[in-house]
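Asks: how would this look folded up:
(2 chains)
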Amino acid sequence: KAGVTQTPRYLIKTRGQQVTLSCSPISGHRSVSWYQQTPGQGLQFLFEYFSETQRNKGNFPGRFSGRQFSNSRSEMNVSTLELGDSALYLCASSRDSYSGNTIYFGEGSWLTVV
Amino acid sequence: AQTVTQSQPEMSVQEAETVTLSCTYDTSENNYYLFWYKQPPSRQMILVIRQEAYKQQNATENRFSVNFQKAAKSFSLKISDSQLGDTAMYFCAFIATGANSKLTFGKGITLSVRP
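Replies: Next comes the predicted model:
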């Protein structure tokens, strides 16, 4: 059974640009959540989607957005990139995070903003 | 709001020995789950062990076991027979069930296993 797949794994963007990251969850998982990991702030929750609906959102500016498709694949977008957006972005999937199901993570997408 | 505290930033252990990583949490929720995740240098977040709060029995997974003290809101991870491949950052995480649930992580602890 394939794990959580994130693409791209590494990318470099220029300040002011926008970026889209993709996540394919484990087959059968309907919940997809995104986390940002930085040395200073640690792991912070961005948002969670379930059956194409955003159920929960963290404390990030509106430049951070996401969506989920009918096949449960998810994308997150960051517009008008800032240097501080440089981070490891982790996608996680579960059958339903609200029910305490185990949450599995992908390998992450490394974003560097220059 | 929930908080997870890992007060030890770094630990070191000799190969084949046992080490315990500490974690405390604070919540007013009754139904929740606790996890330990391992993040090796590859940065892949790997699930180590999961504990349901309603279960009194401590979870075990091979060399990994937890000491779950619900009243004290403590959730420590014991690694027996430490191996070089256990070298990684370890995160304690909490999630409550129900609406608005999300994983809340501690700051992590860097574990080094010495040969």
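
Asks: run a quick neighbour tally on the residue of chain A found nearest chain B.
Replies: The minimum distance from chain A to chain B, using Cβ to the nearest Cβ, falls at A:Phe105 (3.7 Å). Heads up, the C-betas are built off the backbone N, CA and C, glycines and all. Neighbour count for A:Phe105, taken as other Cβ atoms under 10 Å in any protein chain shown: 22.

Asks: so the residue nearest the centre of chain A, which of the three states?
Replies: What sits nearest the mean C-alpha location of chain A, by Cα atoms, centre = their mean, is A:Trp34, with 3.2 Å. Under the three-state scheme (DSSP: H, G, I helix; E, B strand; the rest coil), A:Trp34 adopts strand.

Asks: next one, pLDDT for residue 16 please.
Replies: All of this is about chain A. Listed pLDDT for A:Gly16 reads 98.

Asks: not quite, go with chain B.
Replies: Predicted confidence (pLDDT) for B:Ala16: 97.

Asks: so where does the closest residue in space to A:Gln17 that isn't next to it in sequence fall, helix or strand?
Replies: Closest residue in space to A:Gln17, ignoring its immediate chain neighbours: A:Leu81 at 5.3 Å, by Cβ to Cβ, 6 or more residues apart in numbering or on different chains. In the assignment (DSSP states H and E), A:Leu81 maps to no helix and no strand.

Asks: quick check: residues of chain B near chain A?
Replies: B:31-33, B:35, B:37, B:42-47, B:50, B:52, B:91, B:95, B:97-108 (Cβ under 8 Å from any Cβ of the partner chain).
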